[in-house]
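In: structure of the sequence below:
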Amino acid sequence: MHKVISRVRVECVQGDIASQEDITAVVNAANSQLRPGGGVAGALHQKAGPGLEEECRPLAPIRPGEAVLTGGHNLPNRYVIHCLGPVYGVDRPEDELLARCYKRALSLAEEHHVDSIAFPAISSGAFGFPLDKAAQVALKTIADAATGLRQVKKIRFVLFSQEQKQVFEQALSSIEST
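Out: Numbers count the residues shown, from 1 in each chain. The predicted structure follows:
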């Protein structure tokens, strides 16, 4: 499913974020130390190789809502944008910190002339953010930011499960096309 919002194509797919060959930058749902871990961080670090962890080391730690950019190393993408989402019920205000992740990632994408970016469902896994709420925050933030984007023309949500995809598609369908 996709929708065009202010000349930006926003799409939801089920798949592996480490295998998005037609995307310039992928977003890592990072931990504060920017180290390999489980989930998205583990998949991206594994495919990118040890150079990614080496490049990340001096950039850590980051705080919830922050993002940093590195090269893609052995990934098919030029860049990785590492975002630290909030831990639900711990980092407050959760919605604001999660929205800040998406805004900061888009800002870095614009600064580095990125035309396409792929996001996972930030904070909705081990960090416990309710999936439907995370999808609403993500899609509203993207829709609000779309009018100001000059470089980014495609935003893809790469979702691990069919359930995640359905929830994000439902949130996307409630956003008005412009």
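In: alpha carbons only for contacts and neighbour counts from here, please
Out: Fine.
In: biggest helix in this structure, by residue count?
Out: As assigned by DSSP state H, the longest helix anywhere in the chain is helix 94-111.
In: can you give me the mean pLDDT across the helix or strand just after that one?
Out: The element immediately downstream of helix 94-111 (helix or strand, assigned by DSSP states H and E) is strand 116-119. Strand 116-119 shows a mean pLDDT of 98 in the predicted model.
In: go on, stretch 81-89?
Out: On average, stretch 81-89 scores 97.
In: kindly report the same for stretch 56-74.
Out: Averaged over stretch 56-74, pLDDT sits at 98.
In: what does stretch 157-164 give?
Out: On average, stretch 157-164 scores 96.
In: sort out which residues of that stretch are buried, please.
Out: Under the neighbour-count criterion of 16 or more other CA atoms under 10 Å, stretch 157-164 has 157, 158, 159, 160, 164 buried.
In: quick one: those residues as JSON lines, columns for secondary structure and distance to residue 115 too.
Out: Shown next, in JSON lines, are these (DSSP: H, G, I helix; E, B strand; the rest coil; distance: CA to CA, whole Å):
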{"residue": "157", "secondary structure": "strand", "distance to residue 115": "15"}
{"residue": "158", "secondary structure": "strand", "distance to residue 115": "16"}
{"residue": "159", "secondary structure": "strand", "distance to residue 115": "20"}
{"residue": "160", "secondary structure": "coil", "distance to residue 115": "23"}
{"residue": "164", "secondary structure": "helix", "distance to residue 115": "25"}
